[in-house]
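[1] mind folding the following:
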Amino acid sequence: MKIKIALAKGRVAKKAIALLTDIGYLFPDYSEDSRKLIFTDTTEAIEFFLVKSPDVGTYVEKGAADIGIVGRDVLMEHPAKVYELLNLNIGQCRMCVAGYADTRIQFNKKLTVGTKYPNIAKQYFNSIDQPVDLIMINGSVELAPILGLSDCIVDIVESGSTLRENGLVVLNTICDISSRLIVNQVSLKTKSAYIDPIIHRFEAMAL
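    Alright, predicted model coming up:
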């Protein structure tokens, strides 16, 4: 029986595949240029496929994948009924409120916030009783305060270099982000003999 793993495309997938290799699963058919959709390891114990990050939780929740590897930010923004078992400590970054250094978050005055993460932003500002108008932006969120579209932004910050190059700073850190290993709730029970050894290998790497 093969265990199916859904990986979030992009940097998370690259680091996840490297981690899978480190724990003993080799994928000779995989290359970044390949047009194949599913890759099986040499032992035929597991196979992985690449999907857009917001879809990882859906594939795992619905049972199309037994395991998923995806950023915590995605799980927060797109909740799924899955078990979150391990922090893999890859893709580490922060979810932050950012803007100009002199931006002041004034209570009882509504802020306009640009973000790719409206649910995370809403929950955060609700938690501090700050009224906001959220503007959904799909790319180059840093432009929003620069062009006067918003007072500040909520976005992922890794090194902070993009903010600095555009004259912006981190105003508040909402939470730390890293990639998590999630498991389908039914698979964890019915396929435990196959899934547990995989999880144990990941756990050993984390020690």
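[2] hey, what's Val154 bridged with?
    Beta-bridge pairing for Val154 (DSSP bridges): Val97, Thr115.
[3] quick one: it from Thr115, how far?
    Val154 sits 4 Å away from Thr115, going by Cβ to Cβ, to the nearest Å. The C-beta positions use only the backbone N, C-alpha and C, and glycine is treated the same way.
[4] repeat for Ala121
    Applying Cβ to Cβ, the value for Ala121 to Thr115 is 5 Å.
[5] need the residues touching each of these two.
    Counting by Cβ atoms under 8 Å, 6 or more residues apart in numbering, the common neighbours of Ala121 and Thr115 are 134, 154.
[6] OK, contacts around the most centrally placed residue in the chain?
    Nearest to the geometric centre of the chain sits Gly71, at 2.0 Å (Cα atoms, centre = their mean). Under the criterion of Cβ under 8 Å, 6+ apart, the neighbours of Gly71 are 8, 12, 53, 91, 177-180.
[7] which of those residues ranks first by neighbour count?
    Ser179 (29 neighbours; other Cβ atoms under 10 Å).
[8] got a list of what that one touches?
    Ser179 is in contact with 8, 12, 15-16, 69-72, 87-91, counting by Cβ under 8 Å, 6+ apart.
[9] switch to 6 Å and redo it
    Residues near Ser179 by Cβ atoms under 6 Å, 6 or more residues apart in numbering: 12, 69, 71, 88, 90-91.
[10] what distance do you get for the residue nearest to Leu88 when sequence neighbours are not counted to Ala18?
    The shortest distance from Leu88 to any non-neighbouring residue, by Cβ to Cβ, 6 or more residues apart in numbering, is to Ser179 (4.8 Å). From Ser179 over to Ala18 the distance is 12 Å, taken as Cβ to Cβ.
[11] now the strands for this protein?
    Secondary structure of the chain by DSSP state E: the strands cover 3-8, 38-40, 46-51, 67-71, 83-87, 93-99, 111-115, 132-136, 152-157, 169-177, 179-183.
[12] in TSV, list the ones you listed along with distance to Lys189 and mean pLDDT.
    As requested, the strands of the chain are arranged in TSV below (distance: least, Cβ to Cβ, whole Å; pLDDT from 0 to 100):
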stretch	distance to Lys189	mean pLDDT
strand 3-8	14	96
strand 38-40	24	94
strand 46-51	18	95
strand 67-71	14	96
strand 83-87	10	95
strand 93-99	32	95
strand 111-115	37	95
strand 132-136	38	96
strand 152-157	34	95
strand 169-177	29	94
strand 179-183	10	96
